[in-house]
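**Student:** just to be clear, the model below is a prediction. Sequence and coordinates:
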Amino acid sequence: MLKEEMYESIMALHVFKEYKGRPMGQDILNRKLQIYGVKIVTVREFKRNENRNRTFWKLIRI
């Protein structure tokens, strides 16, 4: 999932709140998601298509 889409879906659940309107980064989200047993991993695609050089986030169990 695109990084922006995953961030918006996590925030739409209203489990976490942004601090003073600033978005949380991957490290902070990983610390908060530890209690749920998941972790965000960054995945990059280097194929020649429309997703080239975009950042994707993937949830994995820890």
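**Tutor:** It's in.
**Student:** list the buried residues in the longest helix along the chain.
**Tutor:** In the chain, taking DSSP state H as the definition, the longest helix is helix 3-12. Residues M6, Y7, I10 are the ones in helix 3-12 that count as buried (16 or more other CB atoms under 10 Å). Bear in mind the C-beta positions are built from the backbone N, C-alpha and C, glycine included.
**Student:** let's have those in CSV, adding distance to R54.
**Tutor:** Shown next, in CSV, are those (distance: CB to CB, whole Å):
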residue, distance to R54
M6, 12
Y7, 14
I10, 18
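**Student:** for W57, give me its contacts.
**Tutor:** Residues in contact with W57 (CB atoms under 8 Å, 6 or more residues apart in numbering) are M1, L2, K3, M6, Y7, Q26, I40, V41, T42, V43.
**Student:** what sits up against stretch 4-22?
**Tutor:** By CB under 8 Å, 6+ apart, the list of residues contacting stretch 4-22 reads M1, P23, M24, L29, K32, I40, W57, L59.
**Student:** so of the residues you listed, which ones are in strands?
**Tutor:** I40, W57, L59 (DSSP state E).
**Student:** brilliant, that's me finished.
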